[in-house]
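[1] What follows is a predicted protein model with its sequence.
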2 protein chains.
Amino acid sequence: MADLVLGADVGGTSTRVAVVDLDGHVLAVASGGPGNPNLVGVAGSAAEIRGAAERALAGLDGTVRGAVVGLAGGSVAAADPTFLPAALPAGLDAPAVLVSDLAVGFSSATPADEGCMIIAGTGAVAGRVVGDALHARRDGWGYLLGDRGSGFWLGRAAVRATLEVLDEGRPPTPLTAAVLAEAGAGGYLDLVQACYTHPPTWLARFAPLVSRHAEDDPVAGAIADAAADLLAATLATLDPRPGEPVVLGGSVLATPGPVRDRFAARVAPGLELLSAESGLVGATWIASRRLGRASAALHARLVATLGAASRR
Amino acid sequence: MADLVLGADVGGTSTRVAVVDLDGHVLAVASGGPGNPNLVGVAGSAAEIRGAAERALAGLDGTVRGAVVGLAGGSVAAADPTFLPAALPAGLDAPAVLVSDLAVGFSSATPADEGCMIIAGTGAVAGRVVGDALHARRDGWGYLLGDRGSGFWLGRAAVRATLEVLDEGRPPTPLTAAVLAEAGAGGYLDLVQACYTHPPTWLARFAPLVSRHAEDDPVAGAIADAAADLLAATLATLDPRPGEPVVLGGSVLATPGPVRDRFAARVAPGLELLSAESGLVGATWIASRRLGRASAALHARLVATLGAASRR
């Protein structure tokens, strides 16, 4: 009977579970549908996680000694004592723990015990991670209140620039022409109506146009600058220290591009900027570390196997 | 049989109709419910206007020679040829005309033929008015895309400042304490949830707190500065000329206060800043002018009587 470690990465797009052994060898990976409790409810989230965990454990011979569930929008689930028992299969020989997606994202990229994580995808959120715990959180307030510098923010800025050009009768720029084409809009009213017809976060679809035109259109370049300013300001309030790892997650920051480049030029010197790997790495790493198995080699093995699995 | 002029002021809060004679004497005023076609539909808007017009005309002996309907959100109604015939009682001896609420607001404050109007209420919109026509429009894009410097914008900025203080564990300021009290929120999660539970424009309820604390709280003062910057920038794109009237409407700009004071200090010198009067003045004035009755005395009489009626 092998000792097993289970890690779950639960998000708005999918729910994924990995099972590894105590040396970081990957034994199984399974996935399910969206699991963010803010989207599917606490019971729906628990059911998705449990289903994926049961599929991952099916046919494995061993005993689960540690289990970590990392999820965004976790506060509502964390407040519900029925959540974790419902989210994991019966018979685990381990106290399961719930951790923030910021802690999971941080530990996906580094075995360090402390540092910062900043995510800019559709939304934007940052935090200081110490061990498994989130010691401080910034933004993550959603489209209506914050998410400053996020994909939503970039897309909205692109639409605003387009509306300004249309209002003032100025010639289109490469960005504003691309926005109209992407929206399938003929002009001002079409574009405004399209934005209010869809859910607000539909605006994030225009964010890639800012990156595409950041170097050939000063309007797009200025928007990328402003987003990088906002994201760097969010990170700065966490007082990252020289040499400390800062993990970058989400489509806007985790991949090379104009916003990431501008962000990197604006943060305090001496920070170690790392790209987030699969959340399965972070969740299984945290679970392994809780069992006293922390080592840089174990982390590297998880990155090599689960990172590759998630990129397949 | 007297010659009558009918003016309708149609908004998101109420629908009001005034009937005046050709010398600007007010014969009747009637009101109804919300009439903005974006809120109640084109048919609902027409029914509100017609109901108020019939109540205003009841018992009056005369013939309506001119009728003007001023409304916000008019583009959807303007595109519908059934709207105006349905909005006015049968038997008017006048071609009714639909004009922008910006034209009505401008003419409520001045008999001038040309100038600018900027409204900052829950939303924000500006335009250049020439005669009855709107020659240029700025912003008015709604909460999701624009309304920069509006009551919504001010309220959201106040909430953001409060969330920043809570995130960073800083001591509350007079503004942020007032925001939490107004929302009935105990902390971060309460406040965020309250904002997403209500319609987005609920955030405008926090705007008066910015004005209240603009002089005793630097956080509130900076927000008032930023709103004034945005509103002044919106106006500047209309190229107002020295000596030209600029009419200020909406709760944020039409009444004295920190945002209006800051705005006035930021606009180009030499502009004549005027506060909007009742939209009934503008609608009946435009209708009278279309009948060749334009005079400063007639305008002053409409302001004196309809302005007073709307302040009762």
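    Great, that's in hand.
[2] hey, let's count contacts and neighbours off CA atoms from now on
    Will do.
[3] show me what contacts the closest residue to chain B within the stretch 151-300 of chain A?
    Nearest to chain B, among the residues of the stretch 151-300 of chain A, is residue A:167, at 5.9 Å (C-alpha to the nearest C-alpha). In this structure, residue A:167 makes contact with A:188, B:136, B:137, B:138, B:139, judged by C-alpha atoms under 8 Å, 6 or more residues apart in numbering or on different chains.
[4] Mind listing what's buried along the strand or helix carrying it?
    When secondary structure is defined by DSSP states H and E, residue A:167 falls within helix A:151-168. By neighbour count on 16 or more other C-alpha atoms under 10 Å in any protein chain shown, the buried set for helix A:151-168 is A:151-167.
[5] Show me which residues of the stretch 201-312 of chain A sit near chain B.
    The interface of the stretch 201-312 of chain A toward chain B, taken as C-alpha under 8 Å from any C-alpha of the partner chain, is made up of residue A:237.
[6] Spell out, range by range, the strands that occur in the stretch 101-250 of chain A.
    Remark: strands assigned in the stretch 101-250 of chain A by DSSP state E, counting those that start in this stretch are A:114-120, A:124-130, A:133-139, A:245-249.
[7] In its sheet, which strands sit next to the third one, and in what direction?
    So that's strand A:133-139. Using DSSP bridges, the strands paired with strand A:133-139 are strand A:124-130 (antiparallel).
[8] Next, the angle from the partner strand to strand A:245-249.
    Orientation of strand A:124-130 against strand A:245-249 (axes from the mean of the first three to the mean of the last three C-alpha atoms, to 10 degrees) gives an angle of 150 degrees.
[9] what sits up against strand A:124-130?
    Contacts made with strand A:124-130 from outside it, assessed by C-alpha under 8 Å, 6+ apart, are listed as A:102-103, A:106, A:113-119, A:134-142, A:146-150, A:234-235, A:238.
[10] Next: stretch A:242-262.
    For stretch A:242-262, contacts defined as C-alpha under 8 Å, 6+ apart pick out A:105-106, A:109-110, A:112, A:114-122, A:150-151, A:211, A:214-215, A:224-225, A:227-228, A:240, A:268-276.
[11] Swap in 7 Å and give it another go.
    Around stretch A:242-262, the neighbours that count as contacts under C-alpha atoms under 7 Å, 6 or more residues apart in numbering or on different chains are A:106, A:109, A:115-121, A:150-151, A:211, A:214, A:224-225, A:228, A:269-276.
[12] Buried ones from those, can you make that a PyMOL selection?
    When burial is assessed using 16+ other C-alpha under 10 Å, the buried subset of the contacts of stretch A:242-262 is captured in PyMOL by this command:
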select buried, chain A and resi 106+109+115+116+117+118+119+120+121+150+151+211+214+224+225+228+271+273+274+275+276
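[13] Redo the contacts of residue A:167 as a markdown table? Include pLDDT, distance to residue A:287 and neighbour count.
    Formatted as a markdown table, the contacts of residue A:167 follow (pLDDT from 0 to 100; distance: C-alpha to C-alpha, whole Å; neighbours: other C-alpha atoms under 10 Å in any protein chain shown):
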| residue | pLDDT | distance to residue A:287 | neighbour count |
| --- | --- | --- | --- |
| A:188 | 88 | 52 | 16 |
| B:136 | 94 | 61 | 16 |
| B:137 | 94 | 58 | 22 |
| B:138 | 95 | 55 | 22 |
| B:139 | 94 | 51 | 20 |
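[14] Spatially, which two of the residues you listed are the most separated?
    Checking the contacts of residue A:167 against each other with C-alpha to C-alpha, the farthest-apart pair comes out as A:188 and B:136, at 12.7 Å.
[15] And the helices in chain A?
    Counting by DSSP state H, the segments of chain A that form helices are A:37-57, A:74-78, A:83-87, A:101-109, A:151-168, A:174-183, A:188-197, A:207-213, A:218-236, A:258-266, A:279-290, A:296-302, A:308-311.
[16] Lowest average confidence across the ones you listed, which one?
    Averaging pLDDT over each of the helices of chain A singles out helix A:308-311 as the lowest, with a mean of 56.
[17] and chain A, what are its domains?
    Recorded structural domains for chain A (assignment: automatic domain parsing) are A:2-94+A:277-311, A:151-274.
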